[in-house]
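# Okay, sequence plus prediction incoming.
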Amino acid sequence: MRKILRERSRNLNREVWESPSVHGGEDVKGYVDESAVNGPGCRAVVWVQGCSRECRGCFNPASWFFEINQLITVESLAAKILANPRNSGLTFSGGEPFWQAKALTELAKYVKEKGLNVMSFTGFTIEQLRSTQAPPHSQELLAELDILVDGAYVESLAIHSPDSPVSSSNQRIHLLNPALEDQINWASDQVEIHILKDGTRIFTGFWGQIIS
């Protein structure tokens, strides 16, 4: 199911923004298969729409706005991920994944049952996500994650190294599944270019962005 909001408002505040689950799906900014720069191994990556941080130097500022961009059901997105046998894992990025924690929890459970591991990037710290002030269903999503990379991107603390899995030195990797201990081996300071069937190019990795 796909639904585009015809009248967009770039000033929509997150406090009055309806969760995509109200509309029957996840609000997605972009998707790629077979990424090697967004976590360990070969991964599907889902970028969600909506983030209030507006970090200077953000790789994907088009994902900031709390507006409906593209709605897709959990079932449809899961089928898309699992249709590619090369996907060994799933990564959530954004935007801010934890503002869509309920739908992402459902998606994570579904693909984990099929043998994929799941990780997420977030601008929140893990302490904030475990607090009572966290976005709704944050603890449920945390419980399904194998890896969490937390902390907002801080341009003055940027790390430009092919050996670093984080983009700025304040960010932390939380290994929530010890079985993946030897797989913290991706590099944030790399860029992939994915060319889709319709000609759309998706640049992902540090300084990546979705470009039509």
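Done, it's in.

# ranges for the helices of this structure?
Per DSSP state H, the chain has helices spanning 20-23, 74-82, 101-113, 126-129, 138-144. These are given in chain order.

# is it possible to export those helices to JSON lines including mean pLDDT?
Output for the helices of the chain, formatted as JSON lines (pLDDT from 0 to 100):
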{"stretch": "helix 20-23", "mean pLDDT": "45"}
{"stretch": "helix 74-82", "mean pLDDT": "93"}
{"stretch": "helix 101-113", "mean pLDDT": "95"}
{"stretch": "helix 126-129", "mean pLDDT": "97"}
{"stretch": "helix 138-144", "mean pLDDT": "98"}
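
# what's the closest of those to Phe59?
With C-beta to C-beta as the criterion, Phe59 lies closest to helix 101-113 of these, at 19.7 Å. (Each C-beta comes from the backbone N, C-alpha and C, glycine too.)

# separation between the closest residue to Phe92 other than its chain neighbours and Ser156?
In space, and not counting its chain neighbours, Phe92 is closest to Ser120: 4.0 Å by C-beta to C-beta, 6 or more residues apart in numbering. From Ser120 across to Ser156, the span is 24 Å (C-beta to C-beta, to the nearest Å).

# Of these two, which one has the most company?
Each of Ser120 and Ser156 had its neighbours counted (other C-beta atoms under 10 Å), and the higher figure belongs to Ser120 (30 against 9).

# correct me, but the more buried one touches Leu148?
Yes. The pair Ser120 and Leu148 passes the contact test of C-beta atoms under 8 Å, sitting 5.8 Å apart.

# any common contacting residues for these two?
With contacts taken as C-beta atoms under 8 Å, 6 or more residues apart in numbering, not a single residue reaches both Ser120 and Leu148.

# Could you give the bridge partners of the residue nearest the centre of the chain?
Nearest to the mean C-alpha position of the chain, by C-alpha atoms, centre = their mean, lies Ser93 at 1.5 Å. For Ser93, the residues forming beta bridges with it (DSSP bridges) are Trp47.

# Quick one: residues contacting it.
By C-beta under 8 Å, 6+ apart, the residues touching Ser93 are 38, 45-48, 60, 120-121.

# end-to-end on stretch 37-45?
For stretch 37-45, the first and last residues are 10 Å from each other (C-alpha to C-alpha, to the nearest Å).

# since we're on the nearest residue to Asn177 once chain neighbours are set aside, how many residues are nearby?
Taking C-beta to C-beta, 6+ apart as the measure, Asn177 lies nearest to Asp146, with 3.8 Å between them; neighbours along the chain are not counted. Burial measure for Asp146: 23 neighbouring residues, criterion other C-beta under 10 Å.

# how near is Asp146 to Leu71?
Computed with C-beta to C-beta, the distance linking Asp146 and Leu71 is 26 Å.

# Val48: neighbouring residues, count only.
Close neighbours of Val48, defined as other C-beta under 10 Å, add up to 25.

# shouldn't it be in contact with Leu107?
No. Counting by C-beta under 8 Å, Leu107 is not a contact partner of Val48; they are 10.6 Å apart.

# that older thread, quick one: which of the contacts of Ser93 is nearest Ala103?
Val48 (8.8 Å).

# Let me know which of the helices of the chain is tucked in deepest.
Looking across the helices of the chain with neighbours counted as mean count of other C-beta atoms under 10 Å, the highest average goes to helix 101-113: a mean of 21.
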